[in-house]
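Chemist: Build me a structure from this.
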Amino acid sequence: MLSGFLHKLLRLPLSFFDTKLTSDILQRIEDHKRIEALLTGSSLNTLFSVLTFSVFGVILFHYNASICGVFMGGSALYFGWIYLFLAKRKQLDFSRFELSAQNRAKTMQLINGIYEIKINDCGIQKIWEWEGIQAKLFHFNVRSLALTQYQQVGATFLNQVKNIFILFLAARLVMSNVMSLGELLAIQFIVGQMNGPIAQLAVFLQTYQDARISMERLGQVQTLEEEEVPGKAYLPTLPAGRCLVLRNVSFVYPGAGNKSTLHNLSFTIPAGKTTAIVGASGSGKTTLLKLLLRICLPTEGQILVEEVPFDQLSPQHWRQHCGVVMQEGFLFSDTIANNIALQAEHRSPEAIERALHVANLEQYTRSLPLGLYTKIGEDGKGLSGGQRQRVLIARMVYKNPDYIFLDEATSALDAHNEQVIMARLNHFFTGKTVVIVAHRLSTVKNADNIIVLNNGEIAEQGSHEELVQQRGYYYNLIKNQLELGN
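Modeler: I've put the predicted structure just below:
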């Protein structure tokens, strides 16, 4: 079940993970333990309890039908009392889920953000925030404990009243010479043997409810629409021309009001050429990149590969032809080689060597005792920002894609490394369709076409020389860099 849940996560659109906290997903994974507890523990015990209850129930009915009826009636009241609290238990369980997710998120932030916390001396404030969640959890636990006690005390009271009443009835029958003392002792033994399964069934009822609640939460993910529509006939290959065409594309982030991040964009990214996208922060550059990678879908308009709409191409098949270097890329806690060649079972030593050369990582890996097999920490801990970006560039080069998307891919590099890597990348870009998002003039000036965005719209478009001669928005955007260059 957990494997199926993870496979489902991989089939969901990437936009889902922009709206869900990591702690929320981890809490849903924890929910599988409650289902496992029901299937592997409670179910088997309950099966034997039902069998025991049935056998002794028949024997009790044989001894005295009236006493058996009292036992069944008292047990029904016992279960009825427990049932009264199930709705409140469900409500508290969802509250527990939300608070536990918040608690996990705050704890992860304390651990993962320890450098920023120490540097900015905000540890006390962050711990106060964490303690605030603990206070809420404490009050919740008090409410949950109170509910459990009301449920248990009432159920125990009803059960004991039932047992006492059965003893009273049996004693009267003995005193009336209707039943022998031995039969009374036998009935008491049978009632004791039947009380055990009753308690076990009550526990099973609560475990079953917990599992159903967990299934309901997991079902919220299982019912989500997948990125690839099952049964849809996607095109098996990309069109021959492979240029990217945007027609009247607009995009609005959900929950961001009615303001468009991108508005009515129409342009063509020619195949085999390099297109740069520049603009001030917040102009929509990264959003445009997400649309081209099919992380998000346009609110209006169309994106096409030649004349084929994006929705006729499989997202998975499309990304197999795309190489991406994001500004905040992720490195796995694994060896450098496995971080470059993510599909380790089909690793090519020659391709890794070429990737290391383009990313200018050869000297660095040779200096390490284990070379490419040196293990790096989670999220690239132990590497500098520039080294992390070079590993991400090497990963993209190793993939050798037809389409390349770079989002501030050299922002953490020093001037020398950037110059060396960009020169090698420009050679690697030959025959590939490249889209570069960057602020640095050195990264974009050699592009075949530069698209300048301003507030989600195209302000200017042309080569570097043409845009500089116009002395418009692009010129003002990079003016300081031009002066430094002169």
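Chemist: Ramachandran angles for the residue nearest to residue 429 when sequence neighbours are not counted?
Modeler: Leaving out its chain neighbours, the residue that sits closest to residue 429 by CB to CB, 6 or more residues apart in numbering is residue 274, at 5.9 Å. Glycine gets a C-beta too; all of them are placed from N, C-alpha and C. Reported as degrees, to the nearest 10, the phi and psi values for residue 274 are phi -110, psi 120.
Chemist: Neighbours of residue 274, how many?
Modeler: By the criterion of other CB atoms under 10 Å, residue 274 has 23 neighbours.
Chemist: Also residue 335?
Modeler: Residue 335 is surrounded by 17 other residues when neighbours are defined as other CB under 10 Å.
Chemist: ok, the closest residue to it other than its chain neighbours - contacts?
Modeler: Distance criterion CB to CB, 6+ apart; nearest residue to residue 335, sequence neighbours excluded, is residue 373 at 4.9 Å. Taking CB atoms under 8 Å, 6 or more residues apart in numbering as the definition of contact, the neighbours of residue 373 are 335-337.
Chemist: what ranges of this protein fall below the confidence cut-off?
Modeler: For the chain, residues meeting the criterion pLDDT under 70 lie at 255-258, 344-345, 378-381, 482-486.
Chemist: Out of the contacts of residue 373, which is nearest to residue 64?
Modeler: For residue 64, the closest of the contacts of residue 373 turns out to be residue 335, at 74.4 Å, with distances computed as CB to CB.
Chemist: Who does the closest one form a beta bridge with?
Modeler: Here residue 335 shows beta-bridge partners residue 375, assigned using DSSP bridges.
Chemist: how's the protein carved up into domains?
Modeler: For the chain, the domain assignment from automatic domain parsing gives the residue ranges 2-222, 244-485.
Chemist: so how far is the shortest one off the chain centroid?
Modeler: To tie it back to what came earlier, the one meant is domain 2-222. Shown here is domain 2-222, whose average C-alpha point lies 27 Å from the average C-alpha point of the whole chain (CA atoms, centre = their mean, to the nearest Å).
Chemist: Kindly check the end-to-end length of that domain for me.
Modeler: Across its full length, domain 2-222 reaches 12 Å between end residues, using CA to CA, to the nearest Å.
Chemist: helices and strands around the biggest helix by length in the chain, which ones?
Modeler: Among the elements of type helix in the chain, defined by DSSP state H, the one spanning the most residues is helix 123-175. Contacts defined by 3 or more CB pairs under 8 Å, 6 or more residues apart in numbering; DSSP states H and E place helix 123-175 against helix 65-84, helix 86-112, helix 181-222.
Chemist: In a markdown table, list those along with mean neighbour count and distance to residue 29.
Modeler: Putting the helices and strands packed on helix 123-175 into a markdown table (neighbours: other CB atoms under 10 Å; distance: least, CB to CB, whole Å) gives the following:
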| stretch | mean neighbour count | distance to residue 29 |
| --- | --- | --- |
| helix 65-84 | 16 | 29 |
| helix 86-112 | 15 | 11 |
| helix 181-222 | 17 | 9 |
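Chemist: and residue 402, which of those is closest to it?
Modeler: Minimum separation from residue 402 across these (CB to CB) falls at helix 181-222, 32.8 Å.
Chemist: Helix 86-112 and that closest one, what's the angle between them?
Modeler: For helix 181-222 against helix 86-112, the angle between stretch directions is 50 degrees (axes from the mean of the first three to the mean of the last three CA atoms, to 10 degrees).
Chemist: Return the list of helices and strands in contact with helix 181-222.
Modeler: Using 3+ CB pairs under 8 Å, 6+ apart as the contact criterion, the secondary-structure elements in contact with helix 181-222 are helix 2-11, helix 22-37, helix 43-63, helix 65-84, helix 86-112, helix 123-175.
Chemist: Kindly spell out which helices and strands sit in contact with the first one.
Modeler: For helix 2-11, the elements it packs on are helix 22-37, helix 181-222, judged by 3+ CB pairs under 8 Å, 6+ apart.
Chemist: Past the longest one, which element shows up next along the chain?
Modeler: Spelled out, it's helix 181-222. Using DSSP states H and E, the next helix or strand after helix 181-222 towards the C-terminus is strand 244-251.
Chemist: Give me the contacts around the following helix or strand past that next one.
Modeler: Taking DSSP H and E as the definition, the helix or strand that follows strand 244-251 towards the C-terminus is strand 262-269. Under the contact criterion CB under 8 Å, 6+ apart, strand 262-269 has outside partners 243-251, 275, 284, 287-288, 291-292, 298, 300-301, 433, 435, 449, 451, 455-458, 461.
Chemist: Return the residues in contact with residue 414.
Modeler: By CB under 8 Å, 6+ apart, the residues touching residue 414 are residue 386.
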